[in-house]
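J.: coordinates only, sequence not included:
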């Protein structure tokens, strides 16, 4: 389960940022997770809940996860589209010359605290 190590890294980043900004309690975190990361949102949520029990900074924090779809851009007609069912053909021109432009995200969009 790589979600635990991912969440440990997220918690380290939250702790560092909270210390820099003199925040004593984090109340809400929005994590953006792209489909290509293969990170399972429920497993990330579970890992966060396990880690927050041991951390006063995060004790009452709520984790929100926003899934980002896999997005492609056709190199021929420049149409940007969501890739579903692993169909890497442009829905506009049917061309196979598609580059991945989204879905690899894994970052903290923001957090709130006191």
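T.: Arrived safely. Quick caveat, the model's predicted, so the values are computed rather than measured.
J.: and the spatially closest residue to residue 103 that is not a sequence neighbour, how far is that from residue 58?
T.: Distances taken as C-beta to C-beta, 6 or more residues apart in numbering place residue 70 nearest to residue 103, at 3.5 Å, with adjacent residues excluded. (Each C-beta comes from the backbone N, C-alpha and C, glycine too.) Residue 70 sits at a distance of 30 Å from residue 58 (criterion: C-beta to C-beta, to the nearest Å).
J.: residue 20 too?
T.: Per C-beta to C-beta, residue 20 is found 16 Å from residue 58.
J.: more neighbours: which of these two?
T.: Set residue 20 next to residue 58 and count neighbours by other C-beta atoms under 10 Å: residue 58 wins out with 24 against 8.
J.: quick one, phi/psi of residue 32?
T.: Main-chain dihedrals, residue 32, degrees, to the nearest 10: phi -100, psi 130.
J.: circling back to that earlier point, where does the residue nearest to residue 103 land on pLDDT?
T.: On the pLDDT scale, residue 70 is placed at 96.
J.: from residue 48, how far off is it?
T.: 24 Å.
J.: over to residue 66?
T.: 14 Å.
J.: picking up where we left off before, and the residue nearest to residue 103, how many neighbours does it have?
T.: 18.
J.: so what touches the helix or strand encompassing residue 45?
T.: In the assignment (DSSP states H and E), residue 45 maps to helix 41-52. The contact list for helix 41-52, computed with C-beta atoms under 8 Å, 6 or more residues apart in numbering, reads 1, 3-4, 6-8, 10-11, 29, 31, 33, 58-59, 61, 63, 65, 67.
J.: for PyMOL, write the selection for the buried entries among those residues.
T.: Here is the PyMOL command that picks out the buried ones among these, judged by 16 or more other C-beta atoms under 10 Å:
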select buried, resi 3+6+7+10+11+29+31+33+58+61+63
